[in-house]
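Participant: Let's see this in three dimensions:
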Amino acid sequence: MSTPDAGPAPLARYRIEHVTRFGYSSPVRRCTMSLCLRPLDGARQQVLGFGITTSPPGKLTTEIDPFGNTRHVLTVNESHHTLEVVSVSTVDVLPTPPVLLRLGPDAWEVMRSWTTDLARWQFIHPSPGASPTPALAGLVAELGIEPGSDPLTDLVELASALSDTFDYASGSTSVDSPIEEILTTRRGVCQDYAHVMIAIARSWGVPTRYVSGYLHVEGAPEGGDGPSGTATHAWVECRLPQLGWVEFDPTNRTLADHRYVRTAVGRDYRDVPPTRGVVEGGANSGLDVDVRVTRLDPAAPP
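Facilitator: Next up, the predicted model:
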């Protein structure tokens, strides 16, 4: 597994345009949606600008959910066949500090004391999208994955083992797929890798949460027919003694660095979908998503 470079790294600034289009086979009379699209502010990143526009226009209100994510509630009270939601963000991502190679000798003992901490309870116990199953137990036994003497080393090895075991295959699963699907086929997407790692890490007593966001694709062509970097992404954060929350990306066999923009955290995907709502009417619906992540010059005005 690769780790962030211990040397100096420049601040990374990104412009993120996230376009979601819904199409309906018959008119929707009204709809209400929860939008989880605003990137997080925190120690590693700062949101310089954010806005949402919709067509047709609707009423937007803002709220903070129990996990600290910013959500916008959209209400459209006019008839429509299509709905387009466009969010535009400008985000600075700071260089990732170097990570210790090993934790202290009492790290596992410290973590065992967290099992009764109510603040960490929801990230230590199973959640609907990341629960123990017989298939998961079979994978753990097959790979010989188990806690050793150091939690950080064990989690690095776990992420690497999952990256080696599964094949990334776009469209092979859906947002509602249980972890049994990737465990059976050994094919999935970033969401599936994250859910499997979360379920195993929690079974070890490691507080672990799901992270949704964006991954900038370094070296992708600037201009031309495609965007400079395009991807929504999912990875995991594990709470460790001495380090706090450490971000692991089992899909790409790496720790998160300046290329990763965090949008929301939760127990699993079900807590943080970008859009979720109800409509009156509409019959059948279709969904199209287009994301453009562009790296900007930090010296230019945001």
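Participant: Count the residues that sit near residue 274.
Facilitator: 18 (other CB atoms under 10 Å). C-beta: built from backbone N, CA, C; applies to glycine.
Participant: quick one, what contacts it?
Facilitator: With contact set as CB atoms under 8 Å, 6 or more residues apart in numbering, residue 274 has these partners: 18, 20, 35, 36, 37, 212, 232, 263, 289.
Participant: cutoff 10 Å now
Facilitator: When contacts are counted by CB atoms under 10 Å, 6 or more residues apart in numbering, residue 274 is found next to 18, 20, 34-37, 85, 87, 212, 232, 263-264, 289, 291.
Participant: helices and strands around the one helix or strand residue 181 maps to, which ones?
Facilitator: Using DSSP states H and E, the element containing residue 181 is helix 179-185. Applying 3 or more CB pairs under 10 Å, 6 or more residues apart in numbering; DSSP states H and E, we find helix 179-185 packed against helix 134-143, helix 151-165, strand 187-188, helix 190-203.
Participant: Tell me which of the ones you listed sits nearest to residue 57.
Facilitator: Checking the helices and strands packed on helix 179-185 against residue 57 by CB to CB gives helix 190-203 as the closest, at 31.2 Å.
Participant: Can you tell me the element the nearest residue to residue 237 once chain neighbours are set aside falls in?
Facilitator: Excluding the flanking residues, the one nearest residue 237 by CB to CB, 6 or more residues apart in numbering is residue 245, at 4.4 Å. Secondary structure from DSSP H and E places residue 245 in strand 244-249.
Participant: before we move on, the earlier item: of the contacts of residue 274, buried ones?
Facilitator: 18, 20, 34-37, 85, 87, 212, 232, 263-264, 291 (16 or more other CB atoms under 10 Å).
Participant: so where is the stretch 101-250 of the chain shaky, pLDDT-wise?
Facilitator: The model of the stretch 101-250 of the chain has pLDDT under 70 over residues 219-230.
Participant: one step back: and residue 171, which of the helices and strands packed on helix 179-185 is closest to it?
Facilitator: strand 187-188 (9.8 Å).
Participant: Mind listing the strands that closest one pairs with, and their directions?
Facilitator: Using DSSP bridges, the strands paired with strand 187-188 are strand 167-168 (parallel).
Participant: what distance separates the strand it pairs with from the middle of the whole chain?
Facilitator: The chain centroid and the centroid of strand 167-168 are separated by 17 Å, computed with CA atoms, centre = their mean, to the nearest Å.
Participant: Now do it: everything it contacts.
Facilitator: Outside of strand 167-168, the residues within contact range by CB under 10 Å, 6+ apart are 182, 185, 186, 187, 188, 189, 190, 192, 193, 251, 252.
Participant: Compute the distance between the nearest residue to residue 177 once chain neighbours are set aside and residue 254, please.
Facilitator: Nearest non-adjacent residue to residue 177, counting by CB to CB, 6+ apart: residue 192, 6.8 Å away. The spacing between residue 192 and residue 254, counted by CB to CB, to the nearest Å, is 17 Å.
Participant: who has more neighbours, those two?
Facilitator: Ranked by neighbour count (other CB under 10 Å), residue 192 and residue 254 place residue 192 first, with 28 against 21.
Participant: can you pull the contacts of that one?
Facilitator: Per CB under 10 Å, 6+ apart, neighbours of residue 192: 129, 162, 166, 168-169, 172-173, 177-179, 181-183, 185, 234, 250-251, 269.
Participant: just the buried members of those?
Facilitator: Listed as buried from the contacts of residue 192 are 129, 162, 166, 172-173, 177-179, 181-183, 234, 250-251, 269; burial here means 16+ other CB under 10 Å.
Participant: Between the residues you listed, which sits nearest residue 57?
Facilitator: Proximity of those to residue 57 (CB to CB) peaks at residue 269, which lies at 28.9 Å.
Participant: gap between the two ends of stretch 25-43?
Facilitator: End-to-end span of stretch 25-43 (CA to CA, to the nearest Å): 45 Å.
Participant: quick check: mean pLDDT across it?
Facilitator: For stretch 25-43, the mean per-residue pLDDT is 95.
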